[in-house]
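Visitor: What shape does this take:
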Amino acid sequence: MSIMENSSRIAGSFSISVPVRLAWLSLIVLICSFPTAAQTEQSSARLVVLNDPPNSPTFKMAIDASEDLPKVPGTITGSVVGQDGIAVVGAKVTLTEEGQSVSQEVTSSEDGQFTFTNVTPGAFQLVITSEGFAAHTSTGELHSGENFTVPQILMVLATNATEVRVEVSGIEIAQEQLKDEEKQRVLGIIPNFYVTYVPNAAPLTPKQKFNLAWKLNIDPVSFLLVGQTAGIQQAQNEFSGFGQGAEGFAKRYGAAYATFTVSNFLGSAVFPSIFKQDPRYFYKGTGTTKSRILYALANAVICKSDGGHWQVNYSGIVGSLASGGISNLFYPASDRNGPALTFENTAISIGSTAVFNLMQEFVLRKLTPKVPNTSNTTNPNLP
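Guide: Numbering: from 1, shown residues only. Have a look, this model is predicted:
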């Protein structure tokens, strides 16, 4: 073989092997470059994920998938105010954590602030309640080691209709009825305080009984009637030990007023308070004439208790006996009554009360202006 042929064969061999080798080399480089590209793409994708906003789901998924870090408890704080911006004190704040069966509860302080500590990270719910306000619910999510501040909680006034019942006490009712009774005057002049035209009038308290007795005692008409009594006694020379003239009249007047005061307070305030009885006459005004007469006569020896029951009038009977005995001390020794006369006077007092009751039932109401406008219904507590 000539040198030219050998040279040509070598050249042809070389020209064929270079492309083949270059093809194999490119294939190897391409194969080797696959992992690197995948890693680059993964790193790039991860970089994109980590550059997402912190609150985005992608970011949270990337964080959870990247590392399994231990969860550190955090705190939740906030404040509660009303619509006027004033702090709501004592509002009950209940914290419910996701996955926790037990709730925590705190109350807002004087500045409306509240705080929960050592709270497990995760979703949570707050329920805020306070009297007079509608319940408020707030939710959020606490991250590991976070100090979470809840946006200011604005409480709205409750719109539910609230039923308010205002009940007037029996004492207040009795006081209003007493005001009407104190305006009752026969012919517009003579006090007629101890009769009530309200069938079921509220019972009087001891204080009200004493006040009513005091008002009668200091009424100008009472002074005039006592003076009339003293004048008649002097004209008939009763209780001669007092003498005559201005001095005798003054003594008779003093004794008569003292007797009236003792009788009034003992029979209308002291013993009614002790025995818990009502000293007033309860006007009937209905039924047959016979039933009304019997009712008026019976009320000379019976009366209504503060509990609304009818019973023996111990207050009036004992009061008459006591006042009769005490009044003897106001008169000359020569004119004092013995025990027998005291009982006799008590019987006379009961009789005069019966007559007075008949006048109340049939006469005095017609002569008494400013009588309360009450319906004439029979009191169910009457005998």
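
Visitor: where do the strands sit along the chain?
Guide: 74-81, 92-97, 104-107, 113-119, 122-129, 136-142, 147-149, 153-154, 185-186, 190-191, 195-196, 281-282, 302-304, 310-312 (DSSP state E).

Visitor: got a list of what residue 264 touches?
Guide: By C-beta atoms under 8 Å, 6 or more residues apart in numbering, residue 264 lies in contact with 213, 216, 217. The way it works is simple: take the backbone N, C-alpha and C, and place the C-beta from them, glycine included.

Visitor: and those residues as TSV, adding neighbour count and pLDDT?
Guide: Compiled in TSV, the contacts of residue 264 are given as follows (neighbours: other C-beta atoms under 10 Å; pLDDT from 0 to 100):
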residue	neighbour count	pLDDT
213	22	96
216	20	96
217	16	96
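
Visitor: What residues does the nearest residue to residue 146 once chain neighbours are set aside make contact with?
Guide: Distances taken as C-beta to C-beta, 6 or more residues apart in numbering place residue 74 nearest to residue 146, at 4.2 Å, with adjacent residues excluded. By C-beta under 8 Å, 6+ apart, the residues touching residue 74 are 119, 121, 142, 143, 144, 145, 146, 147, 148.

Visitor: from the residues you listed, which is closest to residue 324?
Guide: Nearest to residue 324, judged by C-beta to C-beta, of these is residue 119 at 85.3 Å.

Visitor: what's the spacing between the closest one and residue 112?
Guide: 20 Å (C-beta to C-beta, to the nearest Å).

Visitor: Could you do residue 201 as well?
Guide: 52 Å.

Visitor: follow-up on the earlier one: let me see the confidence value for the residue nearest to residue 146.
Guide: With respect to pLDDT, residue 74 scores 93.

Visitor: Please apply the same query to residue 199.
Guide: Residue 199 carries a pLDDT value of 89.

Visitor: from the contacts of residue 74, which single one is nearest residue 70?
Guide: residue 144 (7.9 Å).

Visitor: rewinding a little: and which of the contacts of residue 74 is nearest to residue 351?
Guide: Using C-beta to C-beta, residue 119 comes nearest to residue 351 of those, at 88.4 Å.

Visitor: roughly how far apart are that closest one and residue 105?
Guide: For residue 119, the distance to residue 105 (C-beta to C-beta) stands at 13 Å.

Visitor: which intervals of this structure have sub-threshold pLDDT?
Guide: Residue ranges of the chain with pLDDT under 70: 1-69, 160-167, 341, 373-383.

Visitor: How is it partitioned into domains?
Guide: 3-66, 74-154, 170-367 (automatic domain parsing).

Visitor: Looking at those, which one is packed in the most?
Guide: domain 170-367 (a mean of 17; mean count of other C-beta atoms under 10 Å).

Visitor: Span of it from start to end?
Guide: Start and end residues of domain 170-367 are separated by 29 Å (C-alpha to C-alpha, to the nearest Å).

Visitor: now the nearest residue to residue 321 once chain neighbours are set aside: how far from residue 316?
Guide: For residue 321, ignoring the flanking residues on the chain, the nearest one in space by C-beta to C-beta, 6+ apart is residue 346 at 5.2 Å. Note on residue 346: its distance to residue 316, by C-beta to C-beta, is 9 Å.

Visitor: same question, residue 238
Guide: Between residue 238 and residue 316 the computed distance is 25 Å (C-beta to C-beta).
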